[in-house]
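Enquirer: here is a sequence with its predicted model. Questions after.
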Amino acid sequence: MDVESIFPSESDLDLSFTSCASSTTTDRTFTCSSGRSSSTLSFNESRLGTSSSSPLSSNTHRPHRKNDPHWAAIQTVTNLSPDGTLHLNHLKLLSHLGSGNLGRVFLCRLKDYDNTDATFALKVIDRESLTNKKLSHVMMESQILSIVDHPFLPTLYAHIDVSHYTCLLIDYCPGGDLHSLLRKQSGNRFRIDAVRFFASEILVGLEYLHALGVVYRDLKPENILIREDGHVMLSDFDLCFTADVVPTLQKRFSSKKVRSSKNRFSCFGEVFGRRREISDEEMTEFVAEPTGAYSRSCVGTHEYLAPELVNGNGHGNGVDWWAFGIFLYELLYGRTPFKGHTKEQTLRNIASSRPFDFPECDVEEEDGVAEVKDLIARLLVKDPRRRLGCAWGASDVKRHPFFDKIKWALIRTYSPPDVPGLLKMKKKKNHVMSHVGSSGKFSTSSFKKISRWSWRGLSNFIKGKRV
Ligand SMILES: Nc1ncnc2c1ncn2[C@@H]1O[C@H](COP(=O)(O)OP(=O)(O)OP(=O)(O)O)[C@@H](O)[C@H]1O
């Protein structure tokens with residue numbers, strides 16, 4: 001059905017659909033299903049701009065999936081458009097997917113284009129309703145989206161600025177977010193092979209962002225969306241900051257892994273009491289890690305904040321490697337390691353010098369658990385100078401024995417793990433029905449009423465204004 005036929009009699013523009021004012025009276029105090037909102041604890045951002053030498057200054061966009069049906073659909077429509085560009089009235093809204101701190105997200109497809117596979121997510125942001133700080137977040141998000149081109153990151157198909165609205169057309173992920181998927185698992189935790197699968201994909205996504213000089217700062221399962229094919233898409237780039245990165249070839253001595261018939265050994269030393277067997281070998285490695293990145297603004301999600309972020313003394317690329325450790329821990333145990341009864345207690349636990357512990361549970365019986373615990377322990381090192389990944393980036397993390405089974409070049413071809421809620425989703429025909437966002441609010445029965453009300457503004461807007 002067309003948006004015009006749904007709301008034929010509306011003449012005044014009611015643009016309230018984009019307003020999130022009721023849920024965003026202060027910075028990021030809105031609630032998501034997990035109760036874990038991202039926070040801007042204080043604001044002292046000085047690195048929002050990009051330096052001229054940063055790769056972000058390049059506007060060239062070469063989509064790796066330029067032959068996929070989405071691009072083909074967009075191209076067909078824009079070719080027919082009088083000015084050769086995509087407009088809001090080329091889009092047909094299908095449903096409201098969710099609301100965030102900055103705006104609302106709609107499922108849509110191209111009008112007059114009956115390829116049902118070509119669905120998109122349209123993020124609509126009312127710039128007039130945002131504070132300057134949030135506007136800078138919007139700019140950051142659209143800036144990052146405009147330069148990334150990676151299988152595990154969103155593709156920006158169109159950026160449409162109309163009046164005081166910014167609309168970003170990106171990939172639609174029908175599988176909801178990883179946090180919701182985690183909650184569907186028994187014990188709220190994934191098996192080791194699923195942990196390895198999701199962690200590997202996020203790791204290469206982070207590697208790519210860091211190579212562009214982008215520090216992500218908001219890694220958490222809620223920000224990882226599941227594509228139709230079961231692979232992941234990292235979303236939400238509003239809290240990123242950028243820095244220069246100088247890719248280098250670095251020589252170093254690396255400890256060669258030695259395996260015995262019974263045990264595998266960490267290349268970094270003993271793994272939980274096992275005997276270490278190493279031999280050094282010289283290797284040259286490509287490193288593109290923003291080691292000089294520096295910011296003082298305290299942003300992120302409490303349970304995922306790195307100690308240097310909590311202490312407020314400035315932080316850099318290391319916050320993402322810390323968050324990656326928390327992420328692994330949460331996928332493995334269903335909870336984060338420093339969580340307290342209150343947010344303040346969580347922050348105190350992170351800042352304290354007390355080490356975290358691993359709960360005792362049936363995870364212990366799975367193959368690979370010693371390796372993943374070793375990896376977590378190396379990532380959750382409070383001193384960022386000693387934390388895995390901080391100096392050498394993702395290559396150090398990828399080399400960890402936990403990822404021994406991963407052939408990085410083939411990662412896109414791996415089948416997603418068979419976990420409840422994931423493969424079933426792939427079988428469903430109707431994406432609208434299968435979508436469950438982190439808000440978890442939309443049951444299909446209440447869906448029509450809610451979305452009808454909230455689309456009104458957008459439908460009028462699309463109807464009344466050809467850009
Ligand atoms: N590409 C997408 N495909 C499917 N659903 C999406 C997509 N992008 C967002 N959503 C849904 O819309 C909701 C709002 O997304 P949005 O990115 O605006 O907010 P958010 O995740 O809360 O981020 P923020 O931290 O910026 O407020 C998400 O929780 C998710 O359920």
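Expert: Nice, I can see it. Numbering: from 1, shown residues only.

Enquirer: for Phe324, grab the count of nearby residues.
Expert: 26 (other C-beta atoms under 10 Å). C-betas here are computed from N, CA, C, even on glycine.

Enquirer: hang on, it packs against Glu207?
Expert: No. With contact defined as C-beta atoms under 8 Å, Phe324 does not reach Glu207; the gap is 10.6 Å.

Enquirer: return the helix or strand in the protein with minimum mean pLDDT.
Expert: helix 3-6 (a mean of 34; mean pLDDT, DSSP states H and E).

Enquirer: just list whatever residues bridge to the spatially most central residue of the chain.
Expert: For the chain, the residue whose C-alpha lies nearest the mean C-alpha position (C-alpha atoms, centre = their mean) is Leu234; its distance is 2.6 Å. Bridge pairing for Leu234 (DSSP bridges) gives the partners Ile224.

Enquirer: contact partners for it?
Expert: Phe152, Leu153, Pro154, Ile202, Gly205, Leu206, Leu209, Tyr216, Leu219, Asn223, Ile224, Leu225 (C-beta atoms under 8 Å, 6 or more residues apart in numbering).

Enquirer: show me which of the residues you listed neighbour the ligand.
Expert: Among the contacts of Leu234, proximity to the ligand is found for Leu225 (C-beta under 6 Å from any ligand atom).

Enquirer: next, format the contacts of Leu234 as a markdown table and append pLDDT, secondary structure and neighbour count.
Expert: Below are the contacts of Leu234 laid out as a markdown table (pLDDT from 0 to 100; DSSP: H, G, I helix; E, B strand; the rest coil; neighbours: other C-beta atoms under 10 Å):
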| residue | pLDDT | secondary structure | neighbour count |
| --- | --- | --- | --- |
| Phe152 | 97 | coil | 23 |
| Leu153 | 97 | coil | 22 |
| Pro154 | 96 | coil | 24 |
| Ile202 | 98 | helix | 24 |
| Gly205 | 97 | helix | 22 |
| Leu206 | 97 | helix | 26 |
| Leu209 | 97 | helix | 25 |
| Tyr216 | 97 | coil | 24 |
| Leu219 | 98 | coil | 25 |
| Asn223 | 97 | helix | 23 |
| Ile224 | 98 | strand | 24 |
| Leu225 | 98 | strand | 25 |
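
Enquirer: where exactly do the strands run in the protein?
Expert: 38-40, 91-99, 104-110, 119-126, 156-162, 165-171, 214-215, 224-226, 232-234, 241-242, 248-257, 278-287, 299-301 (DSSP state E).

Enquirer: nearest to Ile411, of those strands?
Expert: Ile411 sits nearest to strand 232-234 of all these, at 10.8 Å, using C-beta to C-beta.

Enquirer: the closest residue to Ser353 other than its chain neighbours: how many residues sit nearby?
Expert: In space, and not counting its chain neighbours, Ser353 is closest to Lys382: 7.1 Å by C-beta to C-beta, 6 or more residues apart in numbering. If you count neighbours by other C-beta under 10 Å, Lys382 ends up with 18.

Enquirer: distance of Lys382 from Gln345?
Expert: 17 Å (C-beta to C-beta, to the nearest Å).

Enquirer: the domain parsing of the chain - what is it?
Expert: 3-171, 178-246+289-413, 248-287 (automatic domain parsing).

Enquirer: show me the contacts for Lys339.
Expert: Neighbour list for Lys339: Glu303, Thr346, Asn349 [criterion: C-beta under 8 Å, 6+ apart].

Enquirer: just the closest of those residues to Glu330, please.
Expert: So of the contacts of Lys339, ranked by how close each gets to Glu330 (C-beta to C-beta), first place is Glu303, at 8.1 Å.

Enquirer: how close does the nearest residue to that closest one once chain neighbours are set aside get to the ligand?
Expert: Of all residues not flanking Glu303 in the chain, Thr336 sits nearest, at 4.1 Å (C-beta to C-beta, 6+ apart). Using C-beta to the nearest ligand atom, to the nearest Å, one obtains 18 Å as the distance from Thr336 to the ligand.
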